[in-house]
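Visitor: Sequence below, structure please.
(chains A, B, C and D)
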2 protein chains.
Amino acid sequence: MDTRRKLLCAAEALFDRHGFTATGMGRLTRAADMSSRTLYKHAGSKADLIVAVLAERQQRFLRAIRVQSVEALFAALETWVRREGGRGCLFLRAYGETGGDAPEIAQAVSTYKAELFDTIEKIVSAETGGTHQPELAEQILVLFEGATWAAVYRGTGAINAARQAAVALIQQARS
Amino acid sequence: MDTRRKLLCAAEALFDRHGFTATGMGRLTRAADMSSRTLYKHAGSKADLIVAVLAERQQRFLRAIRVQSVEALFAALETWVRREGGRGCLFLRAYGETGGDAPEIAQAVSTYKAELFDTIEKIVSAETGGTHQPELAEQILVLFEGATWAAVYRGTGAINAARQAAVALIQQARS
DNA sequence: ACAAAGGTAAAATGATCGTTTTACCATGCA
DNA sequence: TGCATGGTAAAACGATCATTTTACCTTTGT
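Guide: I've put the predicted structure just below:
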């Protein structure tokens, strides 16, 4: 089923570059190079398509930041932004566009963010000698979120700043 | 001209709660309790209205965070989020919904972010004894941005975490 | 040979979009 | 008295929205 992948790729790119609501199904069928009938047979509805795009993005992004140190975490984010461009967190953008009025999308966002926090918590724990430090993990999460968004208007320099701040906080916690 | 203020207030609330694109002019006229003719005479167009809302928000928000310490900066953010709710940065949301396809909105966003960075830079400078430290200021900016967004899904706890991280970074820079 | 599967193009559906128009009503000032 | 000013309601505008329908074309496996 190459069709579904083609659809998801086109949809992810368009949603990311032009926004979810502003991207119409007409533009999607053209970009994915398929008839609207085929699109609806695979996607179900636009909301379903958004959820599918988010699910695929979650897998891809979490795999991209599967690292073992805080330093590498921010390096991975920088690589991602250089490759894909930085337009903020796609999940929060989806949530913001619907105002939480679409429960399925709100659910996808909270699932992703929970897993993101979990990922960061594990990295932080590994760097501080296996100790549980939820407050420190939350600080790193905030830096990660901030780097993602600040990169929109300040470029990858913001990610570097975040990386240095994160390293400093970790080092301070270790002593 | 009470009419214009009524319009801007209603528009800001609806845009914030339901998104810019998803908020139609019909819903706006109902919320602002005025005819569409009156609305268009004051607003010009929807894009103009969005720009006007952002300009008003910029003034209001920057006034709310006009403080003299990093600690107070994050306390002010927490107060804001408690009062107005945390749905992320309205400017970046507007930018994300249009994908930068609307130059007037992109301009409003970059103007605001420049002034925000300036504000933070001054606070940081005051706290480090008048020295210029753009890297430290950028770290605080990233924490501020991250706190704004992480509060969407983690509540005000994320702002507290950011505040503590910021204070630690400032203290470390002072020694 | 045949039928199911999966695709196409193109038109139609009804709703909603942003915006403008038409026609009217109050107010206050000259 | 008269005439701007600033508002109202309601209809109409053409465009676009998400979605469905109709009718047809290729594959592919049995």
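Visitor: Would you mind measuring from A:L136 to A:E121?
Guide: Distance, A:L136 to A:E121, by C-beta to C-beta, to the nearest Å: 9 Å. Backbone N, C-alpha and C define where each C-beta goes, glycine included.
Visitor: Comparing these two, which shows the higher neighbour count?
Guide: A:L136 (25 against 18; other C-beta atoms under 10 Å in any protein chain shown).
Visitor: Wait, that one touches A:A166, no?
Guide: No. When contacts are counted by C-beta atoms under 8 Å, A:L136 is not listed as touching A:A166 (9.8 Å).
Visitor: Report how many residues lie close to A:A76.
Guide: 17.
Visitor: where's it, which helix or strand?
Guide: helix A:70-84 (DSSP states H and E).
Visitor: Report all helices and strands that that helix contacts.
Guide: helix A:46-64, helix A:103-127, helix A:134-154, helix A:157-174 (3 or more C-beta pairs under 8 Å, 6 or more residues apart in numbering or on different chains; DSSP states H and E).
Visitor: Apart from its neighbours in sequence, what residue is nearest the closest residue to DNA strand C within chain A?
Guide: When scored by C-beta to the nearest atom of the strand, chain A has A:T38 as its residue closest to DNA strand C, at 3.1 Å. Ranked by C-beta to C-beta, 6 or more residues apart in numbering or on different chains and with sequence neighbours excluded, the top spatial neighbour of A:T38 is A:T3, at 6.6 Å.
Visitor: That neighbour: neighbouring residues, count only.
Guide: The tally of other residues near A:T3 (other C-beta under 10 Å) stands at 14.
Visitor: Relative to DNA strand D, how far out is it?
Guide: Counting by C-beta to the nearest atom of the strand, to the nearest Å, the separation of A:T3 from DNA strand D is 14 Å.
Visitor: pLDDT score for that residue?
Guide: For A:T3, the model assigns a pLDDT of 87.
Visitor: Any chance you could list what contacts the strand or helix carrying it?
Guide: A:T3 belongs to helix A:2-18 when assigned by DSSP H and E. Defining contact as C-beta atoms under 8 Å, 6 or more residues apart in numbering or on different chains, one finds that helix A:2-18 is touched by A:23, A:27-28, A:31-34, A:38-39, A:42-43, A:49-50, A:52-53, A:56-57, A:84-85, A:87, A:90, A:94, B:98-99, B:101.
Visitor: Any of those buried? List them.
Guide: Neighbour counting with 16 or more other C-beta atoms under 10 Å in any protein chain shown marks A:23, A:28, A:31-32, A:34, A:39, A:42-43, A:49-50, A:52-53, A:56-57, A:84, A:87, A:90, A:94, B:98-99 as buried within these.
Visitor: domain ranges for chain A?
Guide: Using automatic domain parsing, the domains assigned to chain A come out as A:1-44, A:47-174.
Visitor: Comparing these, which stretch has the densest surroundings?
Guide: Across these, averaging neighbours per residue (mean count of other C-beta atoms under 10 Å in any protein chain shown) puts domain A:47-174 on top, at a mean of 19.
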